[in-house]
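J.: need a 3D model of the sequence below.
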Amino acid sequence: MAQVTIAFIGAGNMARSIIGGLLKSGHAAESLRASDPFPASLETLREMGLNHVFTDNAEAAQGADVVVLAVKPQVMAEAAVNVAEEVTQAKAVVVSIAAGITLESLQQRLGADTAVVRCMPNTPALLSCGASALFANAHASEAQRQHAQSLLEAVGLCRWVDSESALDAITALSGSGPAYFFLMMEAMQDAGVALGLDEVTARDMALQTALGAARMATESDADVVELRRRVTSPAGTTEAAIKSFEADGLHELVSRAMRAAYDRSEEMARELG
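T.: Predicted coordinates for the structure are as follows:
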């Protein structure tokens, strides 16, 4: 993978985070290429060590083994058409990180036989702490699948799913998920202030508690149900709070919210397709 030529079409935050992860993992800067219409974005890439930066998508994609489509969904169709000829000539694998753009839609613009991998990353990838899911079409070889996986593993956890429709569930879970936790932190901060804490203390305690709980969950052999049981003493303060959450239907509330995100992901695919 270190010498595989990778072209990024679009140099926004997610693309730059993946490029940074690749560089940290030892990928040669000379094997990375990128295009973006904004000079400031290209200058940022130069500061990161990239020499091959372009304003023209086709020029960036020329000769690449992997072409990463990292543009907004609304301009994905145009970007795909821009690089279709270069992708076909190089027999490259195309990795799309745009939500809502189906394999069928991409293949219509790239060519029916093009190897395509759809990816659903999330924003913690900006801190190399992302959670990404991938699904490939039948034209992607094992080596090309591995290339796509290595890309996303440079910025966090990566898992393959068994169907393209599962990416809608991933969108509802990890794609939109960071915002759910931010909302919970916000609610805890506000409740702390209502209980008499100053805003700084409430904020610091809420954020550190969230960080500590996440680390306990990821670093422990026990599942989250057991971890919750361990910190919930009978007739104690935690049990009182948990009972209140359960009485208000927390599980059902989360389920309805994620279903809404799932349905919107499907709807976006129809609109953008």
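J.: ok, the residue nearest the centre of the chain to residue 206 distance?
T.: For the chain, the residue sitting closest to the mean C-alpha position, by Cα atoms, centre = their mean, is residue 121 at 1.3 Å. Residue 121 is 26 Å from residue 206, where distance means Cβ to Cβ, to the nearest Å. (Each C-beta comes from the backbone N, C-alpha and C, glycine too.)
J.: what ranges do the helices span in the stretch 151-273 of the chain?
T.: Taking DSSP state H, counting those that start in this stretch as the test, the helices found in the stretch 151-273 of the chain are 166-170, 177-194, 199-219, 224-230, 237-247, 250-272.
J.: go on, the stretch 1-150 of the chain?
T.: 13-24, 39-48, 57-61, 76-90, 103-110, 142-153.
J.: state the mean pLDDT of the longest one.
T.: When pLDDT is averaged over helix 76-90, the result is 96.
J.: which of the helices of the stretch 1-150 of the chain sits closest to residue 192?
T.: helix 13-24 (30.6 Å; Cβ to Cβ).
J.: which strands or helices does the closest one pack on?
T.: strand 6-9, strand 32-35, helix 39-48, helix 142-153 (3 or more Cβ pairs under 8 Å, 6 or more residues apart in numbering; DSSP states H and E).
J.: now the helices of the stretch 1-150 of the chain in a markdown table, with distance to residue 128 and mean neighbour count?
T.: Output for the helices of the stretch 1-150 of the chain, formatted as a markdown table (distance: least, Cβ to Cβ, whole Å; neighbours: other Cβ atoms under 10 Å):
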| stretch | distance to residue 128 | mean neighbour count |
| --- | --- | --- |
| helix 13-24 | 6 | 20 |
| helix 39-48 | 14 | 14 |
| helix 57-61 | 24 | 23 |
| helix 76-90 | 25 | 19 |
| helix 103-110 | 27 | 19 |
| helix 142-153 | 10 | 19 |
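J.: so which of these comes closest to residue 223?
T.: Short answer: helix 142-153, nearest of the helices of the stretch 1-150 of the chain by Cβ to Cβ, at 23.7 Å.
J.: okay, angle between the closest one and helix 13-24 too, please.
T.: 100 degrees (axes from the mean of the first three to the mean of the last three Cα atoms, to 10 degrees).
J.: report the distance from helix 142-153 to the chain centre.
T.: Helix 142-153 has its C-alpha centroid displaced from the chain centroid by 15 Å (Cα atoms, centre = their mean, to the nearest Å).
J.: what's that helix packed up against?
T.: By 3+ Cβ pairs under 8 Å, 6+ apart, helix 142-153 packs against helix 13-24, strand 66-69, strand 93-96, strand 115-120, strand 130-136, strand 156-160.
J.: contacting residues around it?
T.: Contact with helix 142-153 is made by 1, 4, 6, 18, 22, 65-66, 68, 93, 95, 115, 117, 119, 121, 125, 130, 132, 134, 136, 140, 158, 160, as judged by Cβ atoms under 8 Å, 6 or more residues apart in numbering.
J.: now, of the residues you listed, which are buried?
T.: Burial by neighbour count, 16 or more other Cβ atoms under 10 Å: within the contacts of helix 142-153 this picks out 1, 4, 6, 18, 22, 65-66, 68, 93, 95, 115, 117, 119, 121, 125, 130, 132, 134, 136, 140, 158.
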